[in-house]
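Novice: give me a model of this one.
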Amino acid sequence: MLARSNRLAVAVAGMLALFPAAAAEPPWPSKDAIDRVLQSRPFPDARAIERAPIARPPRIELRVPGMDVEALARQHTEANRVSAMQTQPSSLRIFVTLDMPTGSLRTLAEQAARSGAVLVLRGLKDQSMRATLAKVQALTGEHSVSWQIDPEAFKRFAVERAPTFVLMTGSGQTAAEPACTSECPTGTGFVAVAGDVTIDYALSAMVRQVPSAKAHAQPFLTRLKESP
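Specialist: Modelled structure (predicted):
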């Protein structure tokens, strides 16, 4: 019996040897130690906090490969400034959408730059000014083209198809019209044609339909003919 007890004690001792002793818990600093640290590194008072410099937030720049957003914004702002300086807004509007075939839009943008016509959009592409500017820049290239975003004009001139060409012909009529709310009365004193055609073809069709519109269409036709 004694031998068995000795063997059990040896076995228990061997098992305990397999497990290291628990690490001793680090002692907490004494009050004197805490007081010494507070004296060497005191908390800042209110005046010290006020004198401390305020860190500036980091500057984040958005860069999209292949597109200078700032340059596009500057170009858009400059176009608006030049447009606002014009005493006589263009009497020829071309109502388009950015979902039209790219070839047709580029042709209209190039002709609008040469003739002085204005391209009109109903709204932003994908509800994004950046996406709209990028698309417009890709279409216009180096040409200086006047663009407008005017959903009310689509209602005023009852535009249902794109492109639609609207030439103001009424006495004293210009492209500038008073703003309207949800109910926009149809404009008067204009000739309109719709179809995927060039500006000169649309103007010629207007003159055939309404011969009195020739005097209003001729300046645009002349600029298209004379410009390279």
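
Novice: remind me which helix or strand residue 120 belongs to.
Specialist: Using DSSP states H and E, residue 120 sits within strand 118-121.

Novice: contacting residues around that strand?
Specialist: 89-90, 92-98, 108-109, 112, 132, 145-150, 153-154, 175 (Cβ atoms under 8 Å, 6 or more residues apart in numbering). Placement of C-beta: from N, CA and C, glycine included.

Novice: just the buried ones among those, please.
Specialist: 89-90, 92-96, 98, 108-109, 112, 132, 145-148, 150, 153-154, 175 (16 or more other Cβ atoms under 10 Å).

Novice: in strands, which of the residues you listed fall?
Specialist: With strands taken from DSSP state E, the overlap with the buried ones among the contacts of strand 118-121 comprises 92, 93, 94, 95, 146, 147, 148.

Novice: report how many residues lie close to the residue lying closest to the second one once chain neighbours are set aside.
Specialist: If I follow you right, that is residue 93. Distances taken as Cβ to Cβ, 6 or more residues apart in numbering place residue 166 nearest to residue 93, at 4.6 Å, with adjacent residues excluded. Applying other Cβ atoms under 10 Å, we find 27 other residues in the vicinity of residue 166.

Novice: how near is residue 166 to residue 134?
Specialist: 27 Å (Cβ to Cβ, to the nearest Å).

Novice: likewise for residue 103?
Specialist: According to Cβ to Cβ, residue 103 stands 18 Å off from residue 134.

Novice: shaky segments in the protein?
Specialist: Low-confidence segments of the chain (pLDDT under 70): 1-26, 41-88, 171-188.

Novice: which residues of the protein fall in helices?
Specialist: 2-18, 31-40, 46-51, 69-85, 102-115, 129-140, 151-156, 199-209, 214-226 (DSSP state H).

Novice: now the residue nearest to residue 93, which residues is it bridged with?
Specialist: Using DSSP bridges, the beta-bridge partners of residue 166 come out as residue 93, residue 192.

Novice: mind starting the numbering at 29 from now?
Specialist: Done: numbering now begins at 29, and the last item shifts to residue 194.

Novice: what sits against it?
Specialist: Counting by Cβ under 8 Å, 6+ apart, residue 194 has contacts 120, 121, 122, 123, 185, 187, 218, 219, 220.

Novice: for residue 142, same thing?
Specialist: Residue 142 neighbours (Cβ under 8 Å, 6+ apart): 251, 252, 255.

Novice: just the buried ones from the residues you listed?
Specialist: Judged by 16+ other Cβ under 10 Å, buried ones among those: residue 252.

Novice: neighbouring contacts of stretch 223-238?
Specialist: Residues outside stretch 223-238 that contact it (Cβ under 8 Å, 6+ apart) are 120, 122, 128-129, 132, 135-136, 139-140, 143, 145, 189, 191, 193, 195, 197, 219-221, 241-242, 245, 248-249, 252-253.

Novice: residue 131 and residue 162: who's more crowded?
Specialist: residue 162 (17 against 9).

Novice: ok, and the closest non-adjacent residue to residue 57?
Specialist: residue 65 (7.9 Å).
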